[in-house]
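Novice: Could you work out the structure for the sequence below:
(one chain, ligands or ions: 1)
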Amino acid sequence: MNVLKQHFVLTWKAKNNIISRLSRNGSRLKRIKDAFAFARDSRVLEGTLAIAELERLHDLLTEVEGDVSWRLEGFKGERGELLLQLTVSGRVALACQRCLEAIVFDLDVDSLLEIVPANVDLSQDELEDDTRDFLPVDGELEVGELIEDEILLALPVAPRHEKCGLPEAAKAGERINPFAALAGLKGKPN
Ligand SMILES: [Zn+2]
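Specialist: Have a look, this model is predicted:
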């Protein structure tokens, strides 16, 4: 009985996973074929990404609606190193760890990443250099996943209202209304 139940859950999860991957592939360009060429040629890519697609964020949020705007710029650094600058902005509704109500959080990601081949071992000096952030890349870069990673790094570890349930908290709740306006866009075709 238990085995059957577990099997059903796994199958359902696997199916869901396939559906979300299909819709990812079918949506706007979020993959770069050659990240090194992208940086070498000083290319720029920008767009919006639905928060609904950023699945690793969902457990932290009270609302899975709205979009984030992002911009990825490639360029060469002074030492000839290949760099990617990623900016992401948008608004997410984090779940307060005390009362589980929404805390509106304005994303302001601005990350400078040095791309290095995934199979190259970094030296100890490089690893200890706090001024550089390395991004090992296998050539192809999943931009959506990078955006998700950088958002996760930018979020507060344990978000809490200063005073749960008091006027300050209510104000934070009111500010979430922009999401209501976006509700009509839910389920729009990709
Ligand atoms: Zn709270």
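Novice: Spit out the contact partners of the most centrally placed residue in the chain.
Specialist: Nearest residue to the geometric centre of the chain (CA atoms, centre = their mean): residue 148, 1.8 Å. Residues near residue 148 by CB atoms under 8 Å, 6 or more residues apart in numbering: 54, 55, 56, 57. Just so you know, the C-beta spots here come from the backbone N, C-alpha and C atoms, and that holds for glycine as well.
Novice: Name the nearest residue to the third one, sequence neighbours excluded.
Specialist: What that stands for is residue 56. Once flanking residues are discounted, residue 56 sits nearest to residue 148: 5.4 Å by CB to CB, 6 or more residues apart in numbering.
Novice: Same question for the last one.
Specialist: Distance criterion CB to CB, 6+ apart; nearest residue to residue 57, sequence neighbours excluded, is residue 151 at 6.3 Å.
Novice: Hmm, that neighbour is touching residue 88, no?
Specialist: Yes - with contact taken as CB atoms under 8 Å, residue 151 and residue 88 are classed as touching, separated by 6.1 Å.
Novice: hey, what's in contact with both of the two?
Specialist: With CB under 8 Å, 6+ apart as the test, residue 151 and residue 88 both reach 68, 107, 109.
Novice: Keep only these that also lie close to the ion.
Specialist: Of the entries in the shared contacts of residue 151 and residue 88, none also sits close to the ion under the rule CB under 5 Å from the ion.
Novice: Inside strands: which ones of the residues you listed?
Specialist: Per DSSP state E, strands hold the following members of these: 68, 107, 109.
Novice: quick one on the thing from earlier: figure out the helix or strand that the residue nearest to the centre of the chain lives in.
Specialist: Assigned by DSSP states H and E, residue 148 belongs to helix 143-154.
Novice: how far out from the middle of the chain is that helix?
Specialist: For helix 143-154, the distance from its own C-alpha centre to the chain's C-alpha centre is 3 Å (CA atoms, centre = their mean, to the nearest Å).
Novice: And the average pLDDT for it is what?
Specialist: The predicted model assigns helix 143-154 a mean pLDDT of 94.
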